[in-house]
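Trainee: model the following, please.
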Amino acid sequence: MAEILVPRPAATVLTLRDGLEGYEILMLQRNLNSDFVGGAYVFPGGALDESDAAPEARALALGLDDEQASRRLGLETGGLAYYVASLRELFEEAGLLIACDEEGETFHSEEHELRQRMAEYRRAVNEGTLRFNDMLNREGLRLDFRGLEYVAHWVTPIGPPRRYDTRFFVAVAPPGQIAAHDAGETVADRWIRPVDALAQCARGELEMILPTIRNLEAIAHFSSVTDVLEYAKRQASIPRTEPRIITRDGALQIVLPGEEGYED
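Mentor: Below is the predicted model of the structure:
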């Protein structure tokens, strides 16, 4: 019998901004050569690193501590690491940094020199020559969790070569910053209205996996970023959703809890 892989803890962030025709969400296309959902459009995110749970990471958090984060995620401890990972991945994969200074003032990077410096930091962090936490300390910045909301919890089904236990968060895009894919793990980036992303997926023009689709469906009817954040705040509890892969009429199908065949 094949070994059942234990899902790796992971975090993903739905990054939003208001637009003239409704709010938009940032999506990245994974490298076509990736062995996990290659070519699919996803939200910035990835597996937790040891540094996400390090003491210095907790010291760099503003607006949230581990007890509060763990309670929100339904964990005994270690919840803050998911929040840290979500913002670290957003910086690594999309170049957006949700942070503030020691006084709580939102971080901006409109100045050309600062924008160049942050781009160099991003390259160094992605190459592994600079730790994300060290970069924040060097710039006198703290991760700003005051506007980050927990919104969903998905676990990769048994079967794929990689499995993740992923917490989804929602956040407002930081002002004055420009998102860009990393040209490594991701090869394209786009801001798109959730309703348009779903329509393009239905027409076969935009490849997405089930958790991405369902998270978009849950928020597509809202008219603004504020509405989405309020929706996330109002959720008293968030279920753990783990799809299953079954064989029906000779074909593999993905089913969700409560659907026919899930309990077989």
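
Trainee: from here on, contacts and neighbour counts on C-alpha atoms
Mentor: Noted.

Trainee: so residue 90, which of the three states?
Mentor: helix (DSSP: H, G, I helix; E, B strand; the rest coil).

Trainee: ok, now how distant is the nearest residue to it once chain neighbours are set aside from residue 174?
Mentor: Excluding the flanking residues, the one nearest residue 90 by CA to CA, 6 or more residues apart in numbering is residue 44, at 5.4 Å. Going from residue 44 to residue 174 by CA to CA, to the nearest Å gives 14 Å.

Trainee: what does residue 109 give?
Mentor: Using CA to CA, we find residue 109 at a distance of 10 Å from residue 174.

Trainee: now the end-to-end length of stretch 238-252.
Mentor: Terminal-residue distance, stretch 238-252 (CA to CA): 28 Å.

Trainee: list the buried residues of it.
Mentor: Residues 241-245 are the ones in stretch 238-252 that count as buried (16 or more other CA atoms under 10 Å).

Trainee: sorry, back to before: residue 44 and residue 174: which is more packed in?
Mentor: Comparing residue 44 with residue 174 by other CA atoms under 10 Å, the one with more neighbours is residue 44, at 26 against 19.

Trainee: per-residue confidence at the more buried one?
Mentor: We have a pLDDT of 97 for residue 44.

Trainee: cool, and residue 3?
Mentor: 66.

Trainee: what's the neighbour count on residue 145?
Mentor: Neighbour number of residue 145 under other CA under 10 Å is 20.

Trainee: try residue 50
Mentor: 9.

Trainee: also the one 5 residues further on?
Mentor: Residues near residue 55, counting by other CA under 10 Å, number 9.

Trainee: isn't residue 17 up against residue 176?
Mentor: No. In this structure, residue 17 is not within contact of residue 176 by CA atoms under 8 Å, at 11.8 Å.

Trainee: the more surrounded of those two?
Mentor: residue 17 (20 against 12).

Trainee: residues in contact with the more buried one?
Mentor: 23-25, 172-173, 225 (CA atoms under 8 Å, 6 or more residues apart in numbering).

Trainee: among the residues you listed, name the buried ones.
Mentor: 23-25, 172-173, 225.

Trainee: please, where are all the strands along the stretch 151-264 of the chain?
Mentor: 164-172, 186-192, 240-241, 244-248, 251-255 (DSSP state E, counting those that start in this stretch).
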